[in-house]
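Novice: what follows is a protein structure lacking sequence information:
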């Protein structure tokens, strides 16, 4: 168990961008073997960049994150002569070797949280919608979670305050005792407003956020 002075007693994680590497990275990896996708990425200016006009519209909340990925999936599919929805696109991305899409640092944190006897949960907007329930059931790393609250099933999307309340209730702790990691700034801000200790996970370097979570939970530092 963590030392008595640890203020936080449970961990709640987003999945995409935290447990799994961001789809922006995976799209680039997929494009290495699909030259037609490189042309799409060049036209867009790269996913989630200042040149990605649709992404900027999403940041301004003019389109939803789900709509963003649906449009990109359609464009990627058309480039390879197929019809893709978001799930089909994710299927191709997650056909890459597991080490390409699974964040080892986060899985290490999850394992240590479980070993410490602390509750561990996921709070995700699109796990089943993007991957399908069969894929979710087959993933050994997802079985580490005590609870998974998925807006694909509940219909309550982050950053709606009800989503964070649902996550805290499922974890069995007051919001004030929960550390929450997410990659999207509006979800981090929503979690903070809901009372959780929210930490943003940068796509390019998740290590410092993982270290912060370990410190808040009273866990030992990561092994060198």
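Specialist: Happy to help now that I have it. Computed from a prediction, not measured in an experiment: that's the story for all the values here. Residues are numbered from 1 along each chain as shown.

Novice: quick one: mean pLDDT over stretch 82-97.
Specialist: Taken as a whole, stretch 82-97 has a mean pLDDT of 95.

Novice: likewise stretch 212-224?
Specialist: 91.

Novice: ok, and for that stretch, which residues are buried?
Specialist: Buried residues in stretch 212-224, counted by 16 or more other C-beta atoms under 10 Å: 212, 213, 214, 216, 217, 218, 219. (Glycine included, C-beta is placed from N, CA and C.)

Novice: likewise stretch 76-91?
Specialist: Under the neighbour-count criterion of 16+ other C-beta under 10 Å, stretch 76-91 has 76, 77, 79, 84, 86, 87, 89, 90 buried.

Novice: go on, stretch 108-125?
Specialist: Neighbour-count burial for stretch 108-125 flags 109-110, 112-113, 116, 118-125 (criterion: 16+ other C-beta under 10 Å).

Novice: helices of this protein, start to end?
Specialist: Using DSSP state H, the helices of the chain run over 23-31, 35-44, 53-59, 65-79, 86-93, 98-101, 104-115, 127-131, 133-138, 151-154, 161-171, 185-193, 207-217.

Novice: which residues touch residue 219?
Specialist: Residue 219 is in contact with 2, 109, 112, 113, 116, 213, counting by C-beta atoms under 8 Å, 6 or more residues apart in numbering.

Novice: scratch that, residue 99
Specialist: Going by C-beta under 8 Å, 6+ apart, residue 99 touches no other residue.

Novice: which residues of this structure score low on pLDDT?
Specialist: 1-6, 224 (pLDDT under 70).

Novice: let's see 50
Specialist: Along the chain, segments meeting pLDDT under 50 span 1-4.

Novice: tell me what the most centrally placed residue in the chain is bridged to.
Specialist: Most central in the chain under C-alpha atoms, centre = their mean is residue 16, positioned 2.3 Å from the mean C-alpha point. Listed beta-bridge partners, residue 16: residue 20 (assigned using DSSP bridges).

Novice: highest average neighbour count across the helices of the chain?
Specialist: Mean neighbour count (mean count of other C-beta atoms under 10 Å) peaks for helix 127-131 among the helices of the chain, with a mean of 22.

Novice: so which residues make contact with stretch 71-91?
Specialist: 23, 27, 34, 36-37, 39-40, 44, 47, 54, 66, 69-70, 92, 129-132, 135.

Novice: one step back: in JSON lines: the contacts of residue 219, plus distance to residue 98.
Specialist: Below are the contacts of residue 219 laid out as JSON lines (distance: C-beta to C-beta, whole Å):
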{"residue": "2", "distance to residue 98": "29"}
{"residue": "109", "distance to residue 98": "17"}
{"residue": "112", "distance to residue 98": "20"}
{"residue": "113", "distance to residue 98": "21"}
{"residue": "116", "distance to residue 98": "25"}
{"residue": "213", "distance to residue 98": "22"}
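
Novice: which of those residues sits closest to residue 141?
Specialist: Closest approach between the contacts of residue 219 and residue 141, by C-beta to C-beta: residue 109, at 11.6 Å.

Novice: hang on, the earlier thing: the residue nearest to the centre of the chain and residue 129 touch, don't they?
Specialist: No - using C-beta atoms under 8 Å as the test, residue 16 is too far from residue 129 to be in contact (11.1 Å).

Novice: contact partners for residue 33?
Specialist: Residue 33 neighbours (C-beta under 8 Å, 6+ apart): none.

Novice: and residue 140, how far is that from residue 197?
Specialist: 28 Å (C-beta to C-beta, to the nearest Å).
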